[in-house]
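*Asks:* After the sequence you'll find the predicted model.
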Amino acid sequence: MLGLRPTVAEQVGRFDGPLTARDAARAVEAELGRLLDDALERARDTDPVFARDVAGRVTALVLRGGKRLRTSFAWCGWRAAGGAGDATAVVRAGAALELVQACALIHDDVMDGSPLRRGAPAVHVDLARMHEAADMTGSPETFAASGAVLAGDLALAWADDLMTETALGSPHGPRLHREWQAMRTEMVAGQYRDLHAQATGSSDVDEAVTVATLKSALYTVERPLALGASLAGADAAVMDALRAAGRCAGLAFQLRDDLLGAFGDPSATGKPADDDLRTRKLTCLLAVGCRLAEVSGDQTAADALAPGSPSADDDTVHRRRAALERTGARAVVESKITELARASLRHFDRTGAQPPVRREFAALVEQAAGTPPRRTGEAA
């Protein structure tokens with residue numbers, strides 16, 4: 001029953017000291033449960049078939065979890081900027097971030113043709129199976145891609161509704177909304193640059209960094225930090241420090257994702273490990289590999305990493321993975337992740353956040369980057 005779910009106030013209460021990013025993430029889970037209960041009821045009132053096939057799948061994806069990193073970074077931004085007292089607004093902003101993340105994942109899986117998401121069939125794959133099981137007419141793939149686009153649109157609409165309500169109820173609403181507007185545009189720009197790079201067969205390192213920044217770094221860390229800080233009325237110095245910290249941590253996160261996309265274990269990541277290599281997606285890892293192959297004169301590696309067929313076979317995937325190891329690209333990217341993570345902590349320290357908040361942020365950066373971000377001069 002809807003009324004049995006705990007309220008945000010019951011989950012978070014008024015901040016008196018011990019609340020952590022994990023506590024905030026749990027509060028967001030509860031808030032999402034309530035919000036999605038209500039959203040599904042409204043969807044059923046609109047149309048039961050739409051509710052079952054589209055709204056239900058969006059709800060299932062959102063509630064299936066994920067790291068909730070964006071939520072946790074929003075909370076860190078709020079606390080670093082002096083946020084205290086009623087945490088309802090930052091929790092609701094975190095819930096909106098999780099909904100917009102669902103939109104991004106659903107659309108990204110369609111564009112990349114990815115079969116898995118969070119350990120289950122991607123939305124478009126699930127819709128194609130439904131089409132086939134129901135013996136519907138037409139192409140299952142076309143139906144599924146169209147349905148998944150609509151599912152992503154619905155997740156974005158729900159996210160926008162929630163963020164608008166949060167902004168209207170906050171004295172810092174205009175600042176919050178400006179950050180949200182910028183983040184949505186950056187997401188679309190990053191996704192398009194990703195598609196463009198794929199179509200042109202680019203191997204350029206600078207272009208790979210641009211894609212990684214727009215598509216992932218900004219909306220995974222920098223904008224969530226800024227959204228949380230906006231709700232606390234952060235001054236310019238604190239906001240600048242958070243943006244720098246977020247940019248570094250966000251790039252470290254994407255570089256780690258690049259490595260997982262080439263070398264990860266699908267049972268641990270919940271998504272395939274070969275997709276990026278099979279389609280020759282322009283990642284920073286691939287771009288570095290191409291550059292190192294060229295500089296070293298390793299023609300075998302250069303040929304393996306060069307643009308080829310739209311979808312490579314298993315042997316090509318194996319050769320590309322081996323080339324990334326042999327050229328040293330994997331090691332270079334690992335080193336860059338550590339460098340970025342350490343820089344992120346230095347920037348965050350400039351906010352003047354209290355030690356418990358700095359420790360929370362460091363733990364989140366470690367989670368995002370997949371490596372302990374030791375500070376400069378710290379013993380290994």
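*Replies:* Everything's here; your move. Residues are numbered from 1 along each chain as shown.
*Asks:* Can you pull up the most central residue in the chain?
*Replies:* Closest to where the C-alpha atoms of the chain average out (Cα atoms, centre = their mean) is Thr220, at 4.8 Å.
*Asks:* Identify the residues contacting that residue.
*Replies:* By Cβ atoms under 8 Å, 6 or more residues apart in numbering, the residues touching Thr220 are 69-70, 73, 250, 253-254, 368. All C-beta spots, glycine's among them, are computed from the backbone N, C-alpha and C.
*Asks:* Distance of it relative to Ala262?
*Replies:* 19 Å (Cβ to Cβ, to the nearest Å).
*Asks:* in what helix or strand does Ala368 lie?
*Replies:* Per DSSP states H and E, Ala368 falls inside helix 355-369.
*Asks:* May I have the phi/psi pair for Pro171?
*Replies:* Phi and psi for Pro171, reported as degrees, to the nearest 10, are phi -70, psi -20.
*Asks:* Provide a list of residue ranges in the stretch 1-150 of the chain with pLDDT below threshold.
*Replies:* Scanning the stretch 1-150 of the chain with the threshold set as pLDDT under 70 gives 1-18.
*Asks:* Okay, strands next: where are they in it?
*Replies:* 116-117, 120-121 (DSSP state E, counting those that start in this stretch).
*Asks:* Figure out how far the last one is from the centre of its chain.
*Replies:* The chain centroid and the centroid of strand 120-121 are separated by 18 Å under Cα atoms, centre = their mean, to the nearest Å.
*Asks:* now swap in stretch 171-186 and tell me
*Replies:* On Cα atoms, centre = their mean, the centre of stretch 171-186 falls 18 Å from the chain's centre.
*Asks:* What are the buried residues along the helix holding Ala368?
*Replies:* 357-358, 360-366, 368-369 (16 or more other Cβ atoms under 10 Å).
*Asks:* ditto for stretch 85-100
*Replies:* Across stretch 85-100, burial judged by 16+ other Cβ under 10 Å covers 87-100.
*Asks:* Repeat that for stretch 114-127.
*Replies:* Result for stretch 114-127 [16+ other Cβ under 10 Å]: buried residues 114, 116-118, 121-127.
*Asks:* tell me the contacts of the residue nearest to Glu334 when sequence neighbours are not counted?
*Replies:* In space, and not counting its chain neighbours, Glu334 is closest to Leu259: 7.2 Å by Cβ to Cβ, 6 or more residues apart in numbering. Counting by Cβ under 8 Å, 6+ apart, Leu259 makes contact with 285, 330, 333-334, 337, 370.
*Asks:* and if you look at Arg92?
*Replies:* 8, 31, 162-163, 165-166.
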